[in-house]
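Engineer: After the sequence you'll find the predicted model.
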Amino acid sequence: MDVRPIRWLVASTIVSSLAAPIACGESASDVASGRDASTGVGGCTKGCPDGVSSGDGWSSGLDADGAGATGGGTSDAKTGGTGGTGGTGGAGGSSTGGAAGTCGTTEICDNGDDDDCDEKVDCADEACADKACGPERLCKSNECKSVYQNVGVNCSNNNKTGTELCVAAGFQGCVDSIGYWWFQCAGPGDCPSAWSGLTCSSYVGANDCVGVPIQGSQYATSAKGCSTAYGANDHGYDCQSWNPGYNVRLKCN
Ligand SMILES: [Ca+2]
Ligand SMILES: [Ca+2]
């Protein structure tokens, strides 16, 4: 029996298979259909799996699992996202674009938004300056703040000067301060009506936590400017028992 032709046929088949390496999930029949696995040219009949484009060497137009590729979509707060393209052959992609934002031409200086879309918010935008924050308001930490701030001083932050309290509130320094102290229960509250700068004309007469009007010896103010500390031990109190503490009204700069 002459076996030479059979050996030649087997060897030839092996060499032929190695000449067209199978890659990218292709089956031998895909390769046989015309796609060159090394260059991606020629396409196959299998179609693209999710997340693989024809540029990766897969033929386009078919979805490998039949479920449809999910659209990617891009996100842009200013222009709105772009929806992805659904796969063909399966259900369409489900991604939809984001809602478009709005861009104005003017930065509103005290609303927490970048109104003119230059990535600078409120007083951090050159279009705004301290004066844009309004009277007695300054731009601090990219936010318009009133120069008047109320801060409590009690046993947890004892002995603080007006300057220290203003700096802690984000300001450069202090212009003046007055501390308000209720001797009754609940400690100092906020001004019952509007503050007038550092003063609260309606503080006396406000009710404490049991409805008793605050007046006379039940109430004290301490005007300590900026360099003298407010202390929880003021007015005969200590930090061993209940202590109302101050409501310090600051004017900062
Ligand atoms: Ca802006
Ligand atoms: Ca704004």
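Structural biologist: It's in. Ligands and ions are numbered 1, 2, ... in the order given.

Engineer: gap between the closest residue to Asn111 other than its chain neighbours and ligand 1?
Structural biologist: The shortest distance from Asn111 to any non-neighbouring residue, by CB to CB, 6 or more residues apart in numbering, is to Asp122 (6.9 Å). No exception for glycine: its C-beta is placed from N, CA and C like everyone else's. Noted for Asp122: a distance of 8 Å to ligand 1, by CB to the ion, to the nearest Å.

Engineer: Identify the residue spatially nearest to the residue of the stretch 151-253 of the chain found nearest ligand 1, adjacent ones excluded.
Structural biologist: In the stretch 151-253 of the chain, the residue that lies nearest ligand 1 is Gly170 (20.6 Å; CB to the ion). Of all residues not flanking Gly170 in the chain, Lys140 sits nearest, at 4.5 Å (CB to CB, 6+ apart).

Engineer: Report how many residues lie close to that neighbour.
Structural biologist: Residues lying near Lys140 (other CB atoms under 10 Å) number 18.

Engineer: One more: the one 10 residues further on?
Structural biologist: By the other CB under 10 Å criterion, the neighbourhood of Asn150 contains 18 residues.

Engineer: What is the helix or strand containing it packed up against?
Structural biologist: Counting by DSSP states H and E, the element that carries Asn150 is strand 148-153. When contacts are defined as 3 or more CB pairs under 8 Å, 6 or more residues apart in numbering; DSSP states H and E, strand 148-153 packs onto helix 162-168, strand 246-252.

Engineer: Please determine how far the residue nearest to Asn111 is located from Tyr246.
Structural biologist: Separation of Asp122 from Tyr246 (CB to CB, to the nearest Å): 31 Å.

Engineer: Asn142 too?
Structural biologist: Relative to Tyr246, and taking CB to CB, Asn142 is found at 29 Å.

Engineer: Please identify which of the two sits among more neighbours.
Structural biologist: A direct count of neighbours by other CB under 10 Å for Asn142 and Tyr246 places Tyr246 higher, at 29 against 13.

Engineer: Leu138 is in contact with the residue of the stretch 151-253 of the chain closest to ligand 1, correct?
Structural biologist: No - contact between Gly170 and Leu138 fails when scored by CB atoms under 8 Å: they sit 9.5 Å apart.

Engineer: My read is that Ser201 contacts Thr221, right?
Structural biologist: No - counting by CB under 8 Å, Ser201 does not reach Thr221; the two are 12.0 Å apart.

Engineer: Between those two, which has more neighbouring residues?
Structural biologist: Each of Ser201 and Thr221 has its neighbours counted (other CB under 10 Å); Thr221 has more, 16 against 12.

Engineer: you'd agree the more buried one is up against Trp182?
Structural biologist: No - using CB under 8 Å, Thr221 is not in contact with Trp182; the gap is 10.7 Å.

Engineer: what residues are up against Phe183?
Structural biologist: When the contact criterion is CB atoms under 8 Å, 6 or more residues apart in numbering, the partners of Phe183 are Ser217, Gln218, Tyr219, Ala220, His235, Pro244.

Engineer: The first one: what secondary structure?
Structural biologist: What it means is Ser217. Assigned with DSSP: H, G, I helix; E, B strand; the rest coil, Ser217 falls in the helix class.

Engineer: Flag every residue of the stretch 1-150 of the chain that's near ligand 1.
Structural biologist: Counting by CB under 5 Å from the ion, the stretch 1-150 of the chain comes close to ligand 1 at Glu107, Asp114, Asp116, Asp118, Lys120, Asp125.

Engineer: between these, which is closest to ligand 2?
Structural biologist: For those, the residue nearest ligand 2 by CB to the ion is Glu107; the value is 5.1 Å.

Engineer: one step back: am I right that the residue nearest to Asn111 is in contact with Gly112?
Structural biologist: Yes - here Asp122 reaches Gly112: they are 6.6 Å apart, a contact under CB under 8 Å.
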